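> Build me a model:
(chains A, B and C)
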Amino acid sequence: MKFKLNIVVAVVILAVVGIFWVIPLYALLVGSIKSLADTMSSPLLDLPRELDLGTIARAFNLLAGTMVNTAIITIPAAFIAVTVGSIAAFGIYLKGGKVADYLPPLIAITTYIPYQALIVPLITLIRWIEEATGRLIVLYDTNYGLFLVFLLYYTPMATLLMFIFTNNLPREVIEAALVDGLKPMTAYRRIALPLLSPGYVAALIFILINMWNNFFIPLSMTRGYEKHVTLKIFSYVGQAGTIYNEMFAAALIGSLPPLIIFILMGRYFVRGLLAFTGGGR
Amino acid sequence: MVDVIVKGIKKSYRRREVLRGVSFEALDGKITVIYGPVGAGKTTILRIIAGLEKPDEGRVYFGDRDVTDIPPQDRNVGLVFQTFALYPHLSVFENIAMPLKAAGLPIEEIKRRVSWVAELLRISDILEKGPAEISGGQRQRVAIARALVKDAAVYLFDEPLTNLDYKIREAMRGELKKILRERGGTFIWATGDPQEALALGDYVVVIHNGVVLDAGQIHEVYNRPKNTLIAKYFSYPSMNFIEGIVVSKDQKRVVESEIVVVELPDALKSLPVGSEVILGIRPTHIKISTSPIPGGLESTVLLTEVLGSETLIHVEVKNKRLVVHVPEIVRLIPGSKLFLKLDYSRIYYFDKSTGNLLHAPG
Amino acid sequence: MVNVLVDNVSHTYTKPVVTVALVDVNLEFKHGGFYALLGPSGCGKTTLMKIISGLLRPTKGRILFDNVDVTDWPPRKRNVAMVFQFPVVYEMSVYDNIAFPLRNYGYSESEIRKRVYEVAELLGIKDVLRVHASKLDPATRQKVAVARALVREPSVFLFDEPLSNLDPLSRMELRAKIKELQRTMKTTMIYVTHDQAEALTLADYIAVMNEGRVVQFDTPENLYEYPKNTFVGFFIGNPGMNFINCELVESGLRCVDMYYPLTPREVEALRAHGDEFILGIRPEYVRISRESGLVRAKCVVREDLGVAVLLHLETPGGVLVKAKLQPGIDVKEADEVFLDLPREKVRIFSKRGDLIL
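Now for the predicted structure:
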């Protein structure tokens, strides 16, 4: 029997890579159920000597408020970003011509700009607005501010994603809508959007997860650690470096919501991807 | 319900000139066929009339209204795409109702009109189904219904029968002509199939390489092709061409070609000796026999194509290839001899250098 | 060059919805012959072809190549060549495209060169051998696809509507080319199409299919003259046969206001099948006369198709008959004429559609 060498090699490589990912996950899982005493005395990867679910309960209590706050900010922000991006993509699609040739690459370029390059000008601008309006519009360390910056930063990416899906729409069906007398916005709402829905959901999930897991924007836009989940988890670090049980539990809990969303909406994500590769027509 | 006038339309895509100055009129109440081979520019013209494209030069008029700069949603045009372009997520009823909804008609009126047009196209029984659940022929009818349900200034059809099975096409041709007449309006129908054009059209605009070769009453354009290009493209089966020279024989002016000698008709008696002409004869005007015919030509059979109830025979006469059409099924063995008799009273004469028609039979 | 036997094949698709595609198909394709599978969209012809090629495993039945059961063999093992509706052409020069399978098999370059030139000559693409495939028009690409399939010297050649994506002119050209090919090569060829012109021109035998069944497997002449049922009569011929509903009476058939006489023996033979029948006659066989005939009819539509004139005639009783205009007489819309139906061309079908007389 001919052994397919390439398959064996592939499996080995996958196994090795897999291990690099599994080990930390294992550590997280195992660490979350350890008691304090356990944490102090036993090595990282050892199984707990006694099961202590209190760790998880404590982490949860600590995290709950922040998670709610994060949700309040990111979910609307993601929705608005993807909606705006979708409408923009559709507009560019309809316009065609040079606009459709040059604008998308331009938008793509803006997504390459690392956030680090933007913070200083951004914070300076925010501070200036505060001064100029006599502390009327306060964006620093507020939920509104965080919401706005998320929106501004992620809308180009959302537009780009939606542009990919919009380009795969059957052009003549959209044209039929125009010929039928629908105004562009109505054509978007009644015809394009239903056809785009897998893509829309896929983009939504992607942007939401990105916002949720984002560390740097909340770090630079807020004082303290309370407003965003990633900050809260980070707040464990430095405290007493070896007390990792609660931190691990917090990390697990904090990353759960996006995971749950992904699992629930995963169908749409895959369908959206398929549409991206043209299998949807 | 207006005359559509198109003047001097030019359109290029990325350096390629698709339309080079197209002008024609489509009259209210008539079916005007835009006929041309693939790539002639038919779809582009329809899209410009619908407003989906803007011409680089030229104007489009609906009656005396210049609509060239008006976007498609405000032109009130009915368009049937080659790919049907039905709304996949809506039912047949909703598909047909869409233009009426867009116009803001009351629901009762919408229901009335949709059932009227569904009756006309015989799709009343599939109104609740989705486009994916019905056959290709039915989808085409839905696409046509969606266009006809409006009170449009003009109805445009972009080769709607091309993607269908031959038998369905055959059946739909006669049916559609009746339906369009009943509906009334201005109809522009694009196709590359000469038989479809002849079956449906009142007028024809023959387009080739972005230029209008001729326009007029369809049977006139067909029977009196203005030049060899039209004779070649707008004929079914394609006309046979034989090159020849005018010489003097026995005090008569004749055309001497590689395979036949034909006496010039009275109308051309004044053609100077030495003029180069092209003789055109339709495959339908050549008689065949397996035994020699007096005054006939001997040919070798190259191959036979059975079309259904008719046959096309490709033969070779002295290195010249000819096609003969026979209104019955015959099967001949390639290489066998076949005798031909051309109907001299049906010969077309074209000038070789310009390609223009010199004389048409009958 | 192989005998292909389709043994009691049935096939039902389970996704996306349960669809019965083929029912009890039995066909034999003898080696070296050119066969067509003809039928409307959805009749099962493509499914049958996929089963013959090995792309699909039938839910019931077997496929035999020269008496060997190949039902479980993948396409590669069966050595079948396939040409599809959309030209399958690789992103390389025409020469490399055609050489591709030979190179895979490990032939020497000189052998490859010889074969590629041979095949390119046959298909008339010798002058584009160096051109990159992306620069070619669809018709030429199809020729390349055929060449690539040919060069492997397959046991069976399968065509799946290869001309339906081409414009009418290219279609005619390529049709003639394939016909030439058929005469030169002696490979067993099976050609799937919905276009009867292609089937009638190219094939020695045609399997007319409808709704998953083979309705008639016969020569083009027999299909035309002796259709086994009304479907074949309708599908073959352009246009297809006229069908008139009638009932059996004393000495013939009565179709509303038309009366068609039959001999006593014929009437007896029909009586055994009931008393409602369908009378079929091809438009090209309907005789029109200004003086006399079986029944009077008015011309309601005149279709001038250039190559022929098709008349839609209606009797006072409402019977519709299409007739092809013969030379020597001209009929305009609203004219009244007489129709005659010569007995030797009339076919009588049962109410269900099967041929009786």
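> only C-alpha atoms for contact and neighbour calcs from this point on.
Fine.
> Check which residues of stretch B:308-320 are buried.
B:Gly308, B:Ser309, B:Glu310, B:Thr311, B:Leu312, B:Ile313, B:His314, B:Val315, B:Glu316, B:Val317 (16 or more other Cα atoms under 10 Å in any protein chain shown).
> Chain C next: which of those are close?
Restricting the buried residues of stretch B:308-320 to those within reach of chain C (Cα under 8 Å from any Cα of the partner chain) leaves B:Gly308, B:Ser309, B:Glu310.
> Dump the buried residues of stretch B:308-320 to JSON lines, plus distance to C:Lys126, pLDDT and secondary structure.
Below are the buried residues of stretch B:308-320 laid out as JSON lines (distance: Cα to Cα, whole Å; pLDDT from 0 to 100; DSSP: H, G, I helix; E, B strand; the rest coil):
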{"residue": "B:Gly308", "distance to C:Lys126": "33", "pLDDT": "81", "secondary structure": "coil"}
{"residue": "B:Ser309", "distance to C:Lys126": "36", "pLDDT": "83", "secondary structure": "coil"}
{"residue": "B:Glu310", "distance to C:Lys126": "33", "pLDDT": "86", "secondary structure": "coil"}
{"residue": "B:Thr311", "distance to C:Lys126": "30", "pLDDT": "90", "secondary structure": "strand"}
{"residue": "B:Leu312", "distance to C:Lys126": "27", "pLDDT": "89", "secondary structure": "strand"}
{"residue": "B:Ile313", "distance to C:Lys126": "26", "pLDDT": "92", "secondary structure": "strand"}
{"residue": "B:His314", "distance to C:Lys126": "23", "pLDDT": "90", "secondary structure": "strand"}
{"residue": "B:Val315", "distance to C:Lys126": "24", "pLDDT": "92", "secondary structure": "strand"}
{"residue": "B:Glu316", "distance to C:Lys126": "23", "pLDDT": "92", "secondary structure": "strand"}
{"residue": "B:Val317", "distance to C:Lys126": "26", "pLDDT": "91", "secondary structure": "strand"}
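> Let me know the closest of these to chain A.
Nearest to chain A among those: B:Gly308, at 34.8 Å, using Cα to the nearest Cα.
> Now that closest one. Nearest residue, chain neighbours left out?
Leaving aside its chain neighbours, B:Gly308 sits nearest to C:Gly237 (4.0 Å; criterion: Cα to Cα, 6 or more residues apart in numbering or on different chains).
> Run a quick neighbour tally on residue 168.
By default, I'm working from chain A. By the criterion of other Cα atoms under 10 Å in any protein chain shown, A:Asn168 has 17 neighbours.
> my bad, the chain I had in mind was chain B
13.
> Can you tell me which residues in the stretch 1-150 of chain B are near chain A?
Counting by Cα under 8 Å from any Cα, the residues of the stretch 1-150 of chain B close to chain A are B:50, B:52, B:72-79, B:81, B:83, B:85-87, B:89, B:98-99, B:102-103.
> which residues does the closest residue to C:Lys143 other than its chain neighbours contact?
What sits nearest to C:Lys143 in space, not counting adjacent residues and going by Cα to Cα, 6+ apart, is C:Leu123, at 6.5 Å. C:Leu123 is in contact with C:Lys143, C:Ala147, C:Lys177, C:Leu181, counting by Cα atoms under 8 Å, 6 or more residues apart in numbering or on different chains.
> now the helices: where do they sit in chain C?
Secondary structure of chain C, counting by DSSP state H: helices at C:45-53, C:75-78, C:94-105, C:109-123, C:138-150, C:168-184, C:196-202, C:220-225, C:230-235, C:264-271.
> mean pLDDT lowest for which of these?
Looking at the helices of chain C, the lowest mean pLDDT belongs to helix C:168-184 (a mean of 78).
> Is there proximity between that helix and chain B?
Yes. Helix C:168-184 comes into contact with chain B (Cα under 8 Å from any Cα), by way of C:Pro168, C:Ala176, C:Lys179, C:Glu180.
> for stretch A:189-201, same thing?
Yes. Among the residues of stretch A:189-201, A:Ile191, A:Pro194, A:Leu195 lie within reach of chain B under Cα under 8 Å from any Cα.
> Just the buried subset of the residues you listed, written out for PyMOL, thanks.
Buried subset of the residues of stretch A:189-201 next to chain B, written as a PyMOL selection, criterion 16+ other Cα under 10 Å:
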select buried, chain A and resi 191+195
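> got any ranges where chain C has weak pLDDT?
C:1, C:15-17 (pLDDT under 70).
> who in it is up against chain B?
Contact residues, chain C versus chain B (Cα under 8 Å from any Cα): C:40-41, C:167-168, C:176, C:179-180, C:194-198, C:200-202, C:221, C:235-239, C:284, C:303-307.
> What subset of those is buried?
Neighbour counting by 16+ other Cα under 10 Å classes C:40-41, C:167-168, C:176, C:179-180, C:194-198, C:200-202, C:235-239, C:284, C:303-307 among the residues of chain C next to chain B as buried.
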